[in-house]
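**Student:** just to be clear, the model below is a prediction. Sequence and coordinates:
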Amino acid sequence: MDVFHVTDLNGNKLTDESVISYIEQSLETTHPDRNHGLNGLTALELTGTDRVGLLSEVFAVLADLQCNVVDAKVWTHNGRIASLIYVKDCNSGSPIEDSQKIDRIEARLRNVLKGDNDIRSAKTSVSLAVTHTERRLHQMMFADRDYERKPILQHRADLPMVTVQNWVERGYSVVNVQCKDRIKLLFDVVCTLTDMQYVVFHATINTAGDKAYLEFYIRHTDGTPISSEPERQRVIQCLQAAVERRASEGVRLELCASDRQGLLADVTRTFRENGLNVTRAEISTIRDMAINVFYVTDAIGNRADPKIIESVRQKIGLGNLKVKELPLIYHQKAEREEQTVGVGGAVLLSLGSLVRRNLYNLGLIKSYS
């Protein structure tokens, strides 16, 4: 039996009955259709070397080819970019099925992704199949081996800490992840373990303030634990990458405006012209409104100058583009818990580490190093 204690974005108790009902229905369904709104669209998959202004070039090409972007997600990590973009024909409103037009789209996007120095690794593909967008982005970046690459832009210092040890007598590999807590962290880690052909048999997840502590007991699909030092290092690298890909770097900008052809090309061009780099993006369309979220930094990955942000807002429209703070996950709640729970809470949160230390001291868990 699996038990989950969940809250809303701000760490408060769930009270919205519609949300609770949706969770119950999703858990009762083997394959819930979360992407039903993307049916009837053409999916574009892009991977390549990230650079300032790349996204504006991609959206400019799509606008020129009469492709209307309905939904998209863009991730960047270690100098690489992966994007899954859902489009339809601007004129007919139908999915793009003409083979010649698909060939033109692929060719022009591939040229944009290649730039001057990414001739081999830039990839594009077109499909009418609907998949779980975020799961697919993990698979795309994993296939691109982003976890082996060195970051081009400057990155933050609070990197996730991942350890992997074997509990020989029980035949498990024990994986521990400690990092900053955020939305969908568990999803990202479990998806990566699954795509690497590991099965999670037991897990404990705890949070304290803005920190998350995850412990997994895993085996290969054939029932064996991790068997070599190179494999152990690969698991560490891949899980660190899984945590970092969705980590929200930069200022969060929310665009809410009437949708029109070329809107994304215009907005992202304005970002580029003002030296802003998009590190992550979530594009959606609700009826005739574009609801978009961008995370931006300066050209070398530092926090963007507030004056530049304000200048960009004035050019795009102060009422359309707003600066939003990230949700305050658990901050206030953690402070209240520390006052009321005290030592008991600390013991609960450190129990997994305490057990692990004891098992290690007893020789039940052995390290490769």
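**Tutor:** That came through fine. Numbering: from 1, shown residues only.
**Student:** which one is Q66 nearest to, not counting chain neighbours?
**Tutor:** Spatial nearest neighbour of Q66, chain neighbours left out: C90 (4.3 Å); criterion: C-beta to C-beta, 6 or more residues apart in numbering. Quick note: C-beta positions are derived from backbone N, CA and C, even for glycine.
**Student:** try A241
**Tutor:** Per C-beta to C-beta, 6+ apart, closest to A241 is Y147, 3.8 Å.
**Student:** in a strand, the one you found, correct?
**Tutor:** No: the assignment for Y147, made by DSSP: H, G, I helix; E, B strand; the rest coil, is helix rather than a strand.
**Student:** from now on call the first residue 566
**Tutor:** Yes, from this point I'll number from 566; that puts the last item at Y712.
**Student:** for it, give me its contacts.
**Tutor:** N643, R799, Q802, C803, Q805, A806 (C-beta atoms under 8 Å, 6 or more residues apart in numbering).
**Student:** on that earlier part again, surely the residue nearest to Q631 and Q826 touch.
**Tutor:** Yes: look at C655 against Q826 with C-beta atoms under 8 Å: they come within range, at 5.5 Å.
**Student:** what's the overlap in contacts for the two?
**Tutor:** Common neighbours of C655 and Q826 (C-beta under 8 Å, 6+ apart) are Q631, N633.
**Student:** can you count the residues close to T786?
**Tutor:** Other residues within reach of T786, judged by other C-beta atoms under 10 Å, total 10.
**Student:** circling back: for the contacts of Y712, give me JSON lines that also has pLDDT.
**Tutor:** Formatted as JSON lines, the contacts of Y712 follow (pLDDT from 0 to 100):
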{"residue": "N643", "pLDDT": "91"}
{"residue": "R799", "pLDDT": "97"}
{"residue": "Q802", "pLDDT": "96"}
{"residue": "C803", "pLDDT": "97"}
{"residue": "Q805", "pLDDT": "96"}
{"residue": "A806", "pLDDT": "95"}
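**Student:** quick one: strands adjacent to the helix or strand E780 falls within?
**Tutor:** In this assignment (DSSP states H and E), E780 forms part of strand 776-785. Here strand 776-785 is paired, per DSSP bridges, with strand 737-745 (antiparallel), strand 763-773 (antiparallel).
**Student:** pick the most buried one from those.
**Tutor:** Most buried of these, by mean neighbour count (mean count of other C-beta atoms under 10 Å): strand 737-745, with a mean of 21.
**Student:** ok, which stretches of this structure are helices?
**Tutor:** 582-593, 619-629, 664-679, 698-708, 750-760, 794-810, 828-838, 871-881, 896-906, 908-926 (DSSP state H).
**Student:** give me the contact list for the third one.
**Tutor:** Residues from elsewhere that reach helix 664-679, judged by C-beta under 8 Å, 6+ apart: 607, 609, 611-614, 619, 622-623, 626-627, 630, 632, 661, 687-691.
**Student:** any low-confidence regions in this structure?
**Tutor:** For the chain, the stretches with pLDDT under 70 are 566, 594-602, 681-685, 716-722, 890-934.
**Student:** okay, which residue is most central for it?
**Tutor:** Nearest to the geometric centre of the chain sits R811, at 3.1 Å (C-alpha atoms, centre = their mean).
**Student:** what separates the nearest residue to that one once chain neighbours are set aside from G840, distance-wise?
**Tutor:** Using C-beta to C-beta, 6+ apart and skipping the chain neighbours, the partner closest in space to R811 is D753 (5.9 Å). Distance, D753 to G840, using C-beta to C-beta, to the nearest Å: 30 Å.
**Student:** the two: who's more crowded?
**Tutor:** Between D753 and G840, counted using other C-beta under 10 Å, D753 has the larger neighbour count: 23 against 17.
**Student:** list the contacts of S738.
**Tutor:** S738 neighbours (C-beta under 8 Å, 6+ apart): V729, Q730, N731, W732, Y763, Y782, I783, R784, P790, I791, V800.
**Student:** just list whatever residues bridge to the nearest residue to the fifth one once chain neighbours are set aside.
**Tutor:** Counting by C-beta to C-beta, 6+ apart, the nearest residue to Y763 once its immediate chain neighbours are dropped is I783, at 4.5 Å. Under DSSP bridges, the beta-bridge partners of I783 are S738, V765.
**Student:** how many other residues sit next to I783?
**Tutor:** Using other C-beta under 10 Å, I783 has 20 other residues around it.
**Student:** didn't it look like it was pressed against V765?
**Tutor:** Yes: with contact defined as C-beta under 8 Å, I783 and V765 form a contacting pair (5.5 Å).
**Student:** overlap of the contact sets of those two?
**Tutor:** With C-beta under 8 Å, 6+ apart, I783 and V765 have common neighbours L758.
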